[in-house]
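> Sequence unavailable; structure follows:
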């Protein structure tokens, strides 16, 4: 039995992320990750099944946070408000780790096996949220649609959050995306052609 | 060079689907599929890279149909109308093959590698639709949100279409899901508790 190591998971994660950046995800081994963290491979495997899991261990925690938020939403909350509460809970978990989220997303974008795993994670999140919504008495297809629309909002807001040159609150991106979705489905988000006809040729005000 | 075989793709597909049902997806070989279709393995590989592709060869055609529908939507069409046109195009392609779609979906649900491939297909569809919407001058995040919401509607409507005990038009399920999404985002889809308070205890009218 290995002795207890303080913050072993965090150290292994930090070591893995550094190595993935330095030499690439494919060329990094578990042995190297453990060595960089000053820990044994045996300790690595107490926390992760493989190096891929270093990028996904938070998924289950995220899922539970979102489900709790849906369950705890006020009884009279509309379906979209319940899913908005779940997205807010996700945002507060992720907010403190924007740089990590950005690096992780770059790795995922570059590796087919990680993209597949991420898509499965999001599909599982949507299915779980739909189930939690049904638990609130919301019937189908409303429950699944609300959950899928919520995950769509999350994906779009998350991408904008990590790509924005200046850090803004993830929860703000989520609110903006939710409002945009409302506008789109209400049909008030006019076609570009119609918008162009309506727009008056205002001069841009110079920056102060 | 093998000689031209009439409807080789269709025969191979039908043979594969029968074998997948009879002995399971994992235990079916390309050799058996070709033999059942009365064709050679060589012919099989002219149409499909492997047995998995028998279930996915239509994806690219579906994607192109949806993109054309977005491109051809009237200039003044709102984003949601453009994606609705794409979903309608998809529905008319799939409508004639409900039994095939149902069997295919059962196979996908039962095999992790097929689920992954299906999720990738849907993510690719969403990304392509978002690009086509940007091609219409729709900016971000509206383009991605519209595309993702459209795919969400499609997933939910498709599931209801193949699960419904009686065959209904897929396009009708899509319209219903789109209307439901509008109601959800408009907040007019009240919480079940609120709905229960409003509902009057009407007697169900007996069937004729």
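Noted; the coordinates are in hand. Owing to the predicted nature of the structure, the values given are computational and were not obtained by experimental measurement. Numbers count the residues shown, from 1 in each chain, chains lettered A, B, ... in the order given.

> and the nearest residue to residue A:41 once chain neighbours are set aside, what element?
Of all residues not flanking residue A:41 in the chain, residue A:34 sits nearest, at 4.7 Å (C-beta to C-beta, 6 or more residues apart in numbering or on different chains). To be clear about C-beta, it is placed using only N, CA and C from the backbone, and glycine gets the same treatment. Using DSSP states H and E, residue A:34 falls within helix A:30-36.

> which parts of that helix are buried?
Burial within helix A:30-36, assessed by neighbour count using 16 or more other C-beta atoms under 10 Å in any protein chain shown, is assigned to A:30, A:32-34, A:36.

> same thing with stretch A:124-139?
Quick answer for stretch A:124-139 (16+ other C-beta under 10 Å): A:125-126, A:128-130, A:132-133, A:136, A:138.

> export the residues you listed to JSON lines and tack on distance to residue B:22?
Output for these, formatted as JSON lines (distance: C-beta to C-beta, whole Å):
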{"residue": "A:125", "distance to residue B:22": "35"}
{"residue": "A:126", "distance to residue B:22": "33"}
{"residue": "A:128", "distance to residue B:22": "34"}
{"residue": "A:129", "distance to residue B:22": "37"}
{"residue": "A:130", "distance to residue B:22": "33"}
{"residue": "A:132", "distance to residue B:22": "38"}
{"residue": "A:133", "distance to residue B:22": "38"}
{"residue": "A:136", "distance to residue B:22": "42"}
{"residue": "A:138", "distance to residue B:22": "40"}
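
> On the C-terminal side of the helix holding residue A:34, identify the next helix or strand.
helix A:41-47.

> what's that next one packed up against?
For helix A:41-47, the packing partners by 3 or more C-beta pairs under 8 Å, 6 or more residues apart in numbering or on different chains; DSSP states H and E come out as helix A:8-23, helix A:30-36.

> Out of those helices, which gets nearest to residue B:116?
With C-beta to C-beta as the criterion, residue B:116 lies closest to helix A:8-23 of the helices and strands packed on helix A:41-47, at 21.8 Å.

> dump the residue contacts of residue A:146.
A:79-80, A:82-83, A:129-130, A:133, A:138, B:184 (C-beta atoms under 8 Å, 6 or more residues apart in numbering or on different chains).

> Roughly how far does it sit from residue B:185?
9 Å (C-beta to C-beta, to the nearest Å).

> Mutual contacts of these two, please.
Listed as contacting both residue A:146 and residue B:185 by C-beta under 8 Å, 6+ apart are residue A:80.

> Read off the pLDDT value for the residue nearest to residue A:41.
We have a pLDDT of 96 for residue A:34.

> what's it in contact with, if anything?
Contacts for residue A:34 (C-beta under 8 Å, 6+ apart) come out as A:12, A:15, A:40-41, A:43-44.

> returning to what we had before: okay, the contacts of residue A:146 in CSV with pLDDT, secondary structure and distance to residue B:104 next?
CSV is the format used below for those (pLDDT from 0 to 100; DSSP: H, G, I helix; E, B strand; the rest coil; distance: C-beta to C-beta, whole Å):
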residue, pLDDT, secondary structure, distance to residue B:104
A:79, 93, helix, 30
A:80, 94, helix, 32
A:82, 95, helix, 33
A:83, 96, helix, 29
A:129, 97, helix, 26
A:130, 97, helix, 22
A:133, 97, helix, 27
A:138, 94, coil, 29
B:184, 92, helix, 29
